[in-house]
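*Asks:* Okay, here's the prediction I keep looking at, along with the sequence it came from:
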Amino acid sequence: MNPEPVNAYLFRNARIIDPSRDTDFTGDLLIRDGIIAAAGQSLDVPQDARVLDLEGKWLVPGLLDMHVHLREPGEEYKETIESGTAAAVAGGFTAVACMPNTQPANDSAGITKFILEKARSSARARVYPIAAITVGQKGEQLTEFGDLLNAGAIAFSDDGLPVRNAAVMRHALEYARNFDALIISHSEELDLSRGGMMNEGLVSIILGLKGIPAAAEEIAVFRDIALAELTGGRIHIAHVSTKGSVEIIRQAKSRGVLVTAETAPHYFSLTEEAVLGYNTLAKMYPPLRTEEDRLAVIEGLADGTIDVIATDHAPHSVIEKECEFQMAANGIIGLETAIPLSLDLVRDGFISASQMIRCMSISPSRILDVPGGSLKYGNSADICIIDPEASFTLTRESLHSLSCNSPFLGKDLQGKAVLTLVDGRPVFDPMGLLLP
Amino acid sequence: MNRLAAQHILGISTLSPDEIRFILDTAESLKDILERPIKKVPPLRGKTVVHLFFEPSTRTRLSFELAAKRLSADTVSISSKASSVVKGETLIDTARNIEAMRPDVIVMRHPCSGTPHLLTKYVDSAVINAGDGINEHPSQALLDVFTVREHLGRIENLKIAILGDILHSRVAHSDILAFTKMGAEVVVSGPATMLPSRQSEVLGAKVFLNMEEALKDADVIIVLRIQKERQGKSFVPSAREYAMFFGLSPGKVKLAKSGALIMHPGPINRGIEMTPEVADGPYSVILDQVTNGVAIRMALLSLLLARA
């Protein structure tokens, strides 16, 4: 006779951080039938519950990464929905929003449905497709927002490319209002960035690499905020990397513009100096900037100007990175390094643990208007347990992503997810904490 | 110093002042071979030098090939389009294939900055950078320093003015580094579209928007070639305007010290970056640069192979 399946788990002695309810306390959390059933101090132990003593580890809402590239359909040699979500849960994320620059681009309900179908059959984490703003991401004709939303898309972006034509962006922001949909801006003034391979500055001169000035980002950030202000549409600024962008967003928020913003861990962890030696693993758009920009991004996170930490997880194969710097692809993977890199900010006293978790859970889920991001009673038990002290060395073997294009390879990092649950089911449990 | 510490010549940035001096001294001792009736000596017999050029070049390639032949090395030249990706072979595969044929030195020119550096990760041969993108052109800078030392007897405390497209010139980049390392004062001037934005200094060289200030009391004037593809674009309105405001004329030369050397890495756009009178004037050492180029490249080849 098989034993009764365990339907209830009681996590004891956890540091429970739930920014959605402004709580951060040491106590217990009970989940039952995939639902958060109770949280508090010294909960009674139900007879049928498995009990796990977390010894002070963090128990937080499952993290949501609102900016990843899963590469499926079309570039499955870089990543698939299965491998990308395996990387996600290993990084503590129970949900990811995937960008539409696949092959073909996610610009029609058919592709959105394909992604969701693949996710249902192979994903470890929840997958929220972001659809293209324009057909083929060509920046000309708007996609069918209504049909895409009905199919399951949760926002619109031409990420990877900016919407060059300001009138098209204006119409996107206006048309999105009929559906209360979010537009995500990849902010780049292409004429100014063309041919650029890294931040324009001292290091680009030393390396003889054409630079991309901060202004190429800031002009586009300003334009899209001005258009949001003009139209009343909701704009979210992706991957903020410069001091100027942070300031533009800060001012817009103080005027009451409907703008939100994200940055990626590499923009608060690294500077342009990471490119020295023609390191293609430090090549991305927007490029790594200066120390002054890095500190401004951190300040933006600390004062709430930047709402979200998203990874811009951008898998590329070895072929696309082990080559001439100019020809190397832009982007790095990020799902499996987001927790330790963000924890560095907490350890250094720039942000609180609660702020960090907010930026990676309730904040993106509110912006995208998707469930989750909270440990509220009755919610699905999407949970991440973090050991903030655990040290590890990032290696190719330790990664779950199909690609290993990370500038942190070989580096010692501190803090990681040790257990991830979706709907109360363990989807990442490398230590076998919940093995029967 | 009796041998180079550097295993490759990737740029001036990776050479010490002592190494630069050693290369210059070696070139000096090799230069007289070029004046002999039989211009060939045996030290590199049995050695193979592969010239791998992904960008059109006549004089640099000729100079490298002659340098190798004067020293009795076997030479092979391969010209290729940088986009060999089209053919399906990556640069790294090309490099590995060439390496499999056991050359001793690979001289590489490539339109992408940093590519010779990449090459060194995949081959055991010594690599000489013959120009990579807008990064460096070390042999050109070494021959420039050599030529100045030959004519003026020293580099220390000289004022070197470099004029033209500083931002997109690998010659400027390497020259600034080389002359500064050897103790000269380097100043640069040109259209602001061709200078780093809002920088008063670049790699140790002072930046002057005012050409007269840059030229004042200069011992050496290095004029850069203005790239055709930057004329008539938004970099400079026209070649004509460039010639009027940024070209070197006899009148402007007078601002420098009398007898100031006039140099140019070639090929010259006569009437644009300098007038013919200046190019052919008494203090022009442009053709000496070309001769010295062979001597410098002989020095580089023999020093790299002497390490082995």
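*Replies:* Now that the structure is in, tell me what you want to look at. Predicted model only: the values in this text are computed from it and were never measured.
*Asks:* What parts of the stretch 151-300 of chain B come near chain A?
*Replies:* B:Arg170, B:His173, B:Pro196, B:Ser197, B:Val202, B:Leu203 (CB under 8 Å from any CB of the partner chain). Every C-beta, even on glycine, is put in place using the N, C-alpha and C of the backbone.
*Asks:* could you list every residue that touches the first one?
*Replies:* Read that as B:Arg170. A:Gly208, B:Gly131, B:Asp132, B:Gly133, B:Ile134, B:Asn135, B:Glu136, B:His137, B:Gln140 (CB atoms under 8 Å, 6 or more residues apart in numbering or on different chains).
*Asks:* Apart from its chain neighbours, what residue comes closest to it?
*Replies:* The shortest distance from B:Arg170 to any non-neighbouring residue, by CB to CB, 6 or more residues apart in numbering or on different chains, is to B:His137 (4.2 Å).
*Asks:* Now for that neighbour, how many residues are close by?
*Replies:* 27 (other CB atoms under 10 Å in any protein chain shown).
*Asks:* any idea how far it is from B:Ala172?
*Replies:* Distance, B:His137 to B:Ala172, by CB to CB, to the nearest Å: 9 Å.
*Asks:* With A:Gly233 instead?
*Replies:* Distance of A:Gly233 to B:Ala172, computed by CB to CB: 47 Å.
*Asks:* So which of the two has more stuff around it?
*Replies:* B:Ala172 (28 against 25).
*Asks:* Just the element for the more buried one, please.
*Replies:* helix B:170-181 (DSSP states H and E).
*Asks:* gap between B:Ile106 and B:Phe235?
*Replies:* The gap separating B:Ile106 from B:Phe235 is 33 Å, by CB to CB.
*Asks:* More neighbours: which of the two?
*Replies:* With neighbours defined as other CB under 10 Å, B:Ile106 and B:Phe235 compare such that B:Ile106 has more, 24 against 18.
*Asks:* follow-up on the earlier one: rebuild the residues of the stretch 151-300 of chain B next to chain A as a markdown table, extending it with pLDDT.
*Replies:* Output for those, formatted as a markdown table (pLDDT from 0 to 100):
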| residue | pLDDT |
| --- | --- |
| B:Arg170 | 96 |
| B:His173 | 97 |
| B:Pro196 | 88 |
| B:Ser197 | 84 |
| B:Val202 | 90 |
| B:Leu203 | 92 |
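*Asks:* shaky segments in the chain?
*Replies:* In the absence of a named chain, chain A is used. Residue ranges of chain A with pLDDT under 70: A:1-5.
*Asks:* you looked at the wrong chain, it should be chain B
*Replies:* B:82-88, B:229-232, B:307-308.
*Asks:* Can you tell me which of the contacts of B:Arg170 end up in strands?
*Replies:* Mapping the contacts of B:Arg170 onto strands (DSSP state E) picks out B:Gly131, B:Asp132.
*Asks:* Just the buried residues of the contacts of B:Arg170.
*Replies:* A:Gly208, B:Gly131, B:Asp132, B:Gly133, B:Ile134, B:Asn135, B:Glu136, B:His137, B:Gln140 (16 or more other CB atoms under 10 Å in any protein chain shown).
*Asks:* Mind putting these into CSV with distance to B:Cys112?
*Replies:* Formatted as CSV, the buried ones among the contacts of B:Arg170 follow (distance: CB to CB, whole Å):
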residue, distance to B:Cys112
A:Gly208, 10
B:Gly131, 11
B:Asp132, 7
B:Gly133, 5
B:Ile134, 10
B:Asn135, 9
B:Glu136, 13
B:His137, 14
B:Gln140, 18
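*Asks:* who are the neighbours in contact with A:His171?
*Replies:* A:Leu142.
*Asks:* Now whichever helix or strand it is part of: buried residues?
*Replies:* Element membership of A:His171 [criterion: DSSP H and E] is helix A:166-177. Buried residues in helix A:166-177, defined by neighbour count with 16+ other CB under 10 Å: A:Val168, A:Met169, A:Arg170, A:His171, A:Ala172, A:Leu173, A:Tyr175, A:Ala176.
*Asks:* who in chain A is up against chain B?
*Replies:* A:200, A:205-210, A:213, A:277-278, A:319, A:322-327.
*Asks:* Apply 10 Å and report the result again.
*Replies:* Proximity of chain A to chain B is confined to A:191, A:197, A:200-202, A:204-211, A:213, A:215, A:275, A:277-280, A:319, A:322-328 under the rule CB under 10 Å from any CB of the partner chain.
*Asks:* Generate a PyMOL selection restricted to the buried entries among those.
*Replies:* Applied in PyMOL, the following selects the buried portion of those according to 16+ other CB under 10 Å:
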select buried, chain A and resi 197+200+201+202+204+205+206+207+208+209+210+211+213+215+275+278+279+280+322+323+324+325+326+327+328
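*Asks:* and the next element down the chain from the helix holding B:Ala172?
*Replies:* Per DSSP H and E, the helix or strand that comes after helix B:170-181 is strand B:185-189.
*Asks:* Can you name the next helix or strand after that following strand?
*Replies:* For strand B:185-189, the following helix or strand on the C-terminal side (DSSP H and E) is strand B:201-202.
*Asks:* for that following strand, packing partners?
*Replies:* helix A:202-207, helix B:170-181, strand B:185-189 (3 or more CB pairs under 10 Å, 6 or more residues apart in numbering or on different chains; DSSP states H and E).
*Asks:* where does the last one sit relative to the chain's centre, distance-wise?
*Replies:* When distances are taken as CA atoms, centre = their mean, to the nearest Å, strand B:185-189 is centred 17 Å away from the chain's centroid.
*Asks:* ok, now stretch B:237-244?
*Replies:* Remark: stretch B:237-244 is offset 25 Å from the chain centroid, using CA atoms, centre = their mean.
*Asks:* now stretch B:250-261
*Replies:* Chain-centre distance of stretch B:250-261: 23 Å, with CA atoms, centre = their mean.
*Asks:* Find the nearest non-adjacent residue to the closest residue to chain B within the stretch 101-250 of chain A, please.
*Replies:* Using CB to the nearest CB, the single residue of the stretch 101-250 of chain A nearest to chain B is A:Gly208, 2.6 Å away. Nearest residue to A:Gly208, sequence neighbours excluded (CB to CB, 6+ apart): B:Asn135, at 2.6 Å.
*Asks:* How about A:Thr311?
*Replies:* Spatial nearest neighbour of A:Thr311, chain neighbours left out: A:Gly334 (2.9 Å); criterion: CB to CB, 6+ apart.
*Asks:* What residues sit buried inside stretch A:400-420?
*Replies:* A:400-409, A:413-420.
*Asks:* Relative to the whole chain's centre, how far out is it?
*Replies:* 15 Å.
*Asks:* which residues does the residue nearest to A:Gly208 contact?
*Replies:* A:205-209, A:278, A:325, B:10-11, B:13, B:110, B:112-117, B:129, B:170, B:173-174 (CB atoms under 10 Å, 6 or more residues apart in numbering or on different chains).
*Asks:* one more time with 8 Å, if that's ok
*Replies:* Contacts for B:Asn135 were tallied using CB under 8 Å, 6+ apart; they are A:Leu207, A:Gly208, A:Leu209, B:Gly11, B:Ser113, B:Gly114, B:Arg170, B:His173.
*Asks:* hang on, the earlier thing: mind saving the C-alpha coords of the helix holding B:Ala172 as CSV?
*Replies:* Provided in CSV are the C-alpha atoms of helix B:170-181 (Å, rounded to 0.1, in the frame of the first residue of the first chain):
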residue,chain,number,x,y,z
ARG,B,170,44.6,53.0,-34.6
VAL,B,171,47.7,54.9,-35.6
ALA,B,172,46.8,57.8,-33.3
HIS,B,173,46.0,55.4,-30.5
SER,B,174,49.3,53.6,-30.7
ASP,B,175,51.3,56.8,-31.4
ILE,B,176,49.9,58.5,-28.3
LEU,B,177,50.8,55.5,-26.1
ALA,B,178,54.3,55.0,-27.6
PHE,B,179,55.4,58.6,-27.5
THR,B,180,54.0,59.1,-24.0
LYS,B,181,55.7,56.0,-22.8
